[in-house]
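Participant: here is a sequence together with a model predicted from it:
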Amino acid sequence: MRMNKKGVKILRSLLAIKGFPQKNKIAEETGLSIQTVTPFINKMIEDEVIRGFTAIIEPDKLGYHQVHFLLNIQKGTNEEAINFLKNMDRVLYVTSGFGNSECQLVVAIPTDRADLIPNYMETMRQSGIFKSEMSIHVVTKSHFPLPDFLRSEDLD
């Protein structure tokens, strides 16, 4: 989709909004009519310039930290390692890479449950797939999409 000045104004307004956009608010902010804004937004969605609207979650406000495990593979393939990691509890995402670490596991840990971290380490060591040296980073402030396990978990 080729953007003209009106489209760029609308896109900038969409990017500044948190949550689902109200077309009348975008029209007001951009100085355009709602009759101009609506087709532009619909066309951007149709052309997949915009692929959806998402909530940005503040994990620390829900009582979670992201814990990143940077790992190297001892035996097996990268694919086997990633499949093993994807099946662990509270997984946000798993990546593979090059350089100082071959895999990264990111899990959501309740802030008051740092005691769970050694359990993850032990599970990975016992698998025999990963080398015993690993880097661990606890991220206390970040954003992530709401994972499935949080959708069904009682947060009260």
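Facilitator: Sure thing, it's come through.
Participant: residue 118 and residue 71: what is the separation?
Facilitator: In this view, residue 118 and residue 71 are 15 Å apart by C-beta to C-beta, to the nearest Å. Glycine gets a C-beta too; all of them are placed from N, C-alpha and C.
Participant: who's more crowded, the two?
Facilitator: Between residue 118 and residue 71, counted using other C-beta atoms under 10 Å, residue 71 has the larger neighbour count: 23 against 10.
Participant: give me the element residue 36 is part of.
Facilitator: helix 34-46 (DSSP states H and E).
Participant: next, the buried residues of that helix.
Facilitator: Neighbour counts using 16 or more other C-beta atoms under 10 Å place 36, 37, 40, 41, 44 of helix 34-46 among the buried residues.
Participant: cool, and stretch 114-127?
Facilitator: Taking 16+ other C-beta under 10 Å as the basis for neighbour counts, the residues of stretch 114-127 that come out buried are 117, 120, 121, 124, 127.
Participant: likewise stretch 124-143?
Facilitator: For stretch 124-143, the buried set under the neighbour-count rule, 16+ other C-beta under 10 Å, comprises 124, 127, 129, 130, 134.
Participant: what lies in contact with it?
Facilitator: Where contact means C-beta atoms under 8 Å, 6 or more residues apart in numbering, the residues beyond stretch 124-143 that reach it are 56-60, 65-76, 80-81, 84-85, 100-101, 103, 105, 109, 114, 117, 121.
Participant: sort out which of these are buried, if you could.
Facilitator: Using 16+ other C-beta under 10 Å as the burial test, the contacts of stretch 124-143 include 57, 59, 65-73, 81, 84-85, 101, 103, 105, 109, 117, 121 as buried.
Participant: sort out for me which of those residues are in strands.
Facilitator: Using DSSP state E, the subset of the buried ones among the contacts of stretch 124-143 located in strands is 65, 66, 67, 68, 69, 70, 71, 103, 105, 109.
Participant: including distance to residue 52 and pLDDT, could the buried residues of stretch 114-127 go into TSV?
Facilitator: Supplementary listing: these in TSV, determined by distance: C-beta to C-beta, whole Å; pLDDT from 0 to 100:
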residue	distance to residue 52	pLDDT
117	33	91
120	31	92
121	35	92
124	33	92
127	35	92
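Participant: ok, of those residues, which one's closest to residue 89?
Facilitator: Compare each of the buried residues of stretch 114-127 with residue 89 using C-beta to C-beta and the shortest gap goes to residue 120, at 8.7 Å.
Participant: check contacts around that closest one.
Facilitator: 67, 69, 88, 105, 107.
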